[in-house]
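> Give me a model of this one.
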Amino acid sequence: MEVYTKASLKTSNMKIEQIWKAQQNDRNKLTGDYSKQFTTVFQQWESDVQKYKDQEDKLGNMFRQQQKLFQQMRVVQGQRLKTVKQLMDQFVKNLEELESSHSAQHSTIQDELRKEMALLQKKILMDTVSKTVINPPPPIHQ
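Numbering: from 1, shown residues only. Predicted coordinates:
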């Protein structure tokens, strides 16, 4: 009975140990399989996160470049506006000077015309007077 019990215990222990090893192998295999899958997914996740960070950096750089470009454009447009204002001021000034010059020319021409008209009037008057003195008009017969 003792031998039978020992043999039975030994057999039971071996079966339990085999089952336990088989279960452990199953658990290890399952854990290994899922571990590989999780590792793959986490590596993809890390890769995606890195890509997102890279894209975020690129986007940030593009945004900063756009800001610089807009600032430069604002400065250039401000300079253009200042140039337009200066040109407009210069144009108005030159136009006023031209108008003043033309006014002075008109006044000068009017004065010259008045003098010439006065001289012409005087000459006509002198011619008329000299013709009347040299050739008196015929008497009027009634």
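> CA only for contacts and neighbour counts going forward, please
Will do.
> Show me the helices in this protein, by range?
2-134 (DSSP state H).
> Could you list the low-confidence segments of this structure?
The chain contains residues with pLDDT under 70 at 133-139, 141-142.
> ok, the residue nearest the centre of it to E116 distance?
Taking C-alpha atoms, centre = their mean, the centroid of the chain lies closest to F70, which sits 4.5 Å from it. When distance is defined by C-alpha to C-alpha, to the nearest Å, F70 is 67 Å away from E116.
> swap in Q110?
Distance, Q110 to E116, by C-alpha to C-alpha: 10 Å.
> Quick one: distance of stretch 26-37 to the chain centre.
58 Å (C-alpha atoms, centre = their mean, to the nearest Å).
> Can you give me the buried ones in that stretch?
Neighbour counts over stretch 26-37 (16 or more other C-alpha atoms under 10 Å) mark no residue as buried.
> Much appreciated, bye for now.
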